[in-house]
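**Student:** Fold the following for me, if possible:
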Amino acid sequence: MSDSKAGRNVLHVCSEVFPLLKTGGLADVTAALPQAQRALGVDARLLLPGFPVILAGLTQLEKITAIEAAPPFLGAPTCSPGLWLGQLPNGTPCYVIDYPPFYQREGNPYTDTKHQPYIDNHARFALLAWVAVRLADGLDARWQPGVLHCHDWHAGLAPAYLRAVEYGSGRKLAASVMTVHNLAYQGIFSRSLFAQLGLPPQFDDMEGVEFYNQVSYLKAGLFFADKICTVSPTYAREILQPEQGCGLDGLLCLRQQDVNGILNGVDAAIWHPQHDPAIPAKYDAANMTGKAICKAQLQQEYGLAQRPDAPLFAVVSRLTEQKGLHLLLQGLDALLRQGGQLVMLGSGEPDLEHAFASAAAANPHAFTLKLGFDENFAHQVMAAADFILVPSRFEPCGLTQLYGLQYGTLPLVHRVGGLADTVNDCSLENLDADCATGVVFSHFDAAAFDAAVRRAFALYRRRPDFLQVQQCAMRQQVGWHAAASAYFDIYQQLATTLPPPAAQRDRSLT
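**Tutor:** This is a model prediction of the structure:
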C-alpha cells in the first residue's frame with residue numbers, strides 16, 4: 001500500500017446509516033460523507049453491524065469470508081461471524097458483520113423493546129471495532145483500508161485494537177480518526193468486563209480505556225486515535241472546558257493539537273426544496289410561492305387555523321433536556337398568545353412527551369404534535385414552517401438548522417456549538433450587510449428564548465426583511481464538499497506515518 005493509497009482507502013466504522021437505519025443525525029452523516037469523499041477520489045467504504053434492516057437493504061450482497069478465529073468476548077459462539085459486502089442505495093460499498101446472536105433482535109440498535117440498553121452492548125460493539133481492525137489486517141484480500149474513520153463510542157475500541165497490534169508486533173496496520181458526534185454518549189461499561197475485550201492488561205489504566213473505575217469506549221477512541229475530530233469548530237473548543245467536556249476535557253486538552261473541528265453538511269440530493277419528492281410544492285430562493293403552498297397544506301391537513309399571516313414555528317428533534325425544549329415549554333403560551341402556530345415532530349423523555357401532548361390537546365388549532373419519527377413528515381414540516389426552533393443547551397453540530405437554511409425556514413437557535421457556526425443573527429448590522437440567516441440568543445434561559453421569539457415575530461411582520469433573510473439563508477453553502485475535503489487532508493497527513501505493508505502481516509489478532 002503506497003502512502004497515497006493509504007490515505008485514499010478509508011473505512012468508516014459506524015452503527016447506522018440512512019436510509020437503512022436511522023435513530024439520529026449520525027445516520028445522515030455516515031450516508032453522505034463517504035459518498036462525498038468518493039466524489040473526490042477516496043475509496044470510502046463503511047462497516048456496520050448486521051442488523052436485519054441493513055442486510056435487507058443492501059444490494060449486490062456477497063459473502064467475503066467467515067471469521068473463524070472468534071475474539072474473546074464471543075465466548076464459545078454457536079456460529080462464526082460472517083463478513084458480507086454490498087452497496088448502499090447511494091452506491092457506497094458497505095461491509096456488514098453477519099452475527100445473528102448479537103444483531104438479530106427486536107428493538108433499536110442499542111436498546112430492547114423496553115428501551116433498556118442490551119446487557120451485552122460491550123461485546124456487540126467490541127465486535128464491530130475488532131472486525132474493522134481485521135479488515136485493516138487483510139481480512140478482505142481484495143481491499144485494505146489505510147484509515148479507520150471511527151464514529152462515536154460504538155467504534156471507539158477500534159483505535160485501541162489497532163494500538164494493541166502495534167504494541168504486540170511493532171506493526172502499524174492503519175491510521176485512525178475518531179469523530180465525536182456527541183461527547184455526552186460515551187459507551188461506559190463495568191470495568192469487570194475489560195478481561196473479555198482481548199486488550200493488553202496495561203490498557204486497563206487511566207492512560208487507556210479506564211474511565212473513573214469503569215471502561216469507556218469513547219475514551220478509548222480519544223486516547224488511542226491518531227486524530228480526533230468533532231462536527232463543528234466551536235464544539236471542538238467547547239469540549240476543552242469542563243462545562244461541556246463531560247469528564248474528558250482533561251484528556252482532550254492534552255491532545256488539543258490533534259483535535260479538529262469540521263462542520264457537517266447536508267446532502268442536497270435528499271434535502272432541497274427544488275426537488276424534494278416528499279413536499280407538495282417545489283420552490284427556490286427566486287420563487288417562494290411553493291413554500292406558501294406547503295404551509296397551507298400542512299395547516300389544513302393537521303387542523304391548524306388557515307392563517308397565512310400566522311408565523312409557523314417547528315420542532316423536529318429528540319425531546320430531551322439537551323435540546324433545550326423546556327425553554328419552549330415555558331414560553332409556549334406566550335408564543336401561541338402572540339398568534340404563532342407550532343408543529344412538532346419527535347420523541348424522547350416521557351415527561352416532555354406528556355407535557356407537549358397536553359399542550360397540543362389544549363390548543364388543537366394552533367399546535368400539532370406527532371410523536372415518533374417520520375422522515376417524509378420531517379421534510380414536509382421543514383418546507384412548511386417559517387422558523388425552525390433549535391434552542392439546544394449544547395449542540396455538537398446540528399443538522400436541523402442546516403436543513404432549515406436549505407428550505408428558507410429560519411433557524412432560531414442558542415449560540416452554542418455548530419449552531420453558532422452556521423446561523424447569523426438578524427441584527428440590524430447583519431441585515432444591512434445582507435448576511436443574516438436566522439435568530440440567535442446567547443443566554444440559555446427562558447427570558448432570552450422568549451426575547452428571541454419576539455424578535456422572530458417582529459422579523460416576520462417586516463416582510464421585505466423576512467424575505468431577505470430567507471434568501472440569504474438559502475444561499476448558504478451547506479453541502480458536504482468542504483467537510484469531505486477537510487477530512488481528506490487529515491487522511492493524507494496520516495498516510496505519511498504508515499509504513500509500506502510487509503508481504504505477510506503479523507496475524508496477532510487472530
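**Student:** quick one, strands of the stretch 201-350 of the chain?
**Tutor:** With DSSP state E, counting those that start in this stretch as the criterion, the stretch 201-350 of the chain has strands at 210-211, 214-216, 227-230, 259-261, 312-316, 341-346.
**Student:** Take those and write them to a markdown table, including mean pLDDT, distance to residue 291 and mean neighbour count.
**Tutor:** For every residue, glycine as well, the C-beta is placed using N, CA and C. Below are the strands of the stretch 201-350 of the chain laid out as a markdown table (pLDDT from 0 to 100; distance: least, Cβ to Cβ, whole Å; neighbours: other Cβ atoms under 10 Å):
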| stretch | mean pLDDT | distance to residue 291 | mean neighbour count |
| --- | --- | --- | --- |
| strand 210-211 | 97 | 48 | 20 |
| strand 214-216 | 98 | 45 | 21 |
| strand 227-230 | 97 | 33 | 24 |
| strand 259-261 | 97 | 32 | 19 |
| strand 312-316 | 98 | 10 | 24 |
| strand 341-346 | 97 | 14 | 24 |
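**Student:** Output the ones you listed in CSV, with distance to residue 153 appended to each entry.
**Tutor:** CSV is the format used below for the strands of the stretch 201-350 of the chain (distance: least, Cβ to Cβ, whole Å):
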stretch, distance to residue 153
strand 210-211, 11
strand 214-216, 8
strand 227-230, 13
strand 259-261, 17
strand 312-316, 24
strand 341-346, 23
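**Student:** what's the closest of those strands to residue 89?
**Tutor:** strand 312-316 (22.2 Å; Cβ to Cβ).
**Student:** which helices and strands sit right next to the closest one?
**Tutor:** Helices and strands touching strand 312-316, by 3 or more Cβ pairs under 8 Å, 6 or more residues apart in numbering; DSSP states H and E, are helix 289-301, helix 325-337, strand 341-346, helix 375-384, strand 387-390.
**Student:** Send over that strand as CSV, restricted to the C-alpha atoms.
**Tutor:** Only the C-alpha atoms of strand 312-316 are listed here, as CSV (Å, rounded to 0.1, in the frame of the first residue of the first chain):
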residue,chain,number,x,y,z
LEU,A,312,-45.5,28.8,11.8
PHE,A,313,-42.7,27.6,14.2
ALA,A,314,-41.5,24.0,14.0
VAL,A,315,-39.5,21.5,16.1
VAL,A,316,-38.0,18.3,14.6
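**Student:** Give me the sheet partners of it and which way each runs.
**Tutor:** According to DSSP bridges, strand 312-316 forms sheet pairs with strand 341-346 (parallel), strand 387-390 (parallel).
**Student:** Switch those strands over to JSON lines; also include distance to residue 313.
**Tutor:** Shown next, in JSON lines, are the strands paired with strand 312-316 (distance: least, Cβ to Cβ, whole Å):
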{"stretch": "strand 341-346", "distance to residue 313": "5"}
{"stretch": "strand 387-390", "distance to residue 313": "5"}
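**Student:** Residue ranges in the chain under the pLDDT threshold?
**Tutor:** For the chain, the stretches with pLDDT under 70 are 1-7, 497-510.
**Student:** did I read that right, residue 30 in a helix?
**Tutor:** Yes. Under DSSP: H, G, I helix; E, B strand; the rest coil, residue 30 sits within a helix.
**Student:** Now for it: which residues touch it?
**Tutor:** Residues near residue 30 by Cβ atoms under 8 Å, 6 or more residues apart in numbering: 12, 14, 16-18, 46, 151.
**Student:** what do you get for residue 278?
**Tutor:** Applying Cβ under 8 Å, 6+ apart to residue 278 gives the contacts 375-376, 379-380.
**Student:** Please export the C-alpha coordinates of stretch 192-212 as CSV.
**Tutor:** Taking C-alpha atoms only, stretch 192-212 is exported to CSV below (Å, rounded to 0.1, in the frame of the first residue of the first chain):
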residue,chain,number,x,y,z
SER,A,192,-15.1,-6.1,35.2
LEU,A,193,-15.8,-6.6,31.5
PHE,A,194,-12.3,-5.4,30.5
ALA,A,195,-11.0,-9.0,30.6
GLN,A,196,-13.4,-10.0,27.8
LEU,A,197,-12.1,-7.4,25.3
GLY,A,198,-8.8,-9.1,24.4
LEU,A,199,-6.8,-6.0,25.0
PRO,A,200,-3.3,-5.9,26.7
PRO,A,201,-3.7,-5.7,30.5
GLN,A,202,-1.8,-2.4,30.6
PHE,A,203,-4.6,-0.8,28.6
ASP,A,204,-6.8,-1.1,31.7
ASP,A,205,-5.4,2.1,33.0
MET,A,206,-6.1,5.8,33.1
GLU,A,207,-3.8,6.0,30.1
GLY,A,208,-6.0,3.6,28.3
VAL,A,209,-9.7,2.6,28.4
GLU,A,210,-10.3,3.1,32.1
PHE,A,211,-12.6,6.0,33.0
TYR,A,212,-13.4,6.7,36.7
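**Student:** what's next to that stretch, contact-wise?
**Tutor:** With Cβ under 8 Å, 6+ apart as the test, stretch 192-212 has contacts from 71-73, 122-123, 126, 130, 157, 160-161, 163-164, 167-168, 186, 188, 191, 215-217, 219-220, 223, 247.
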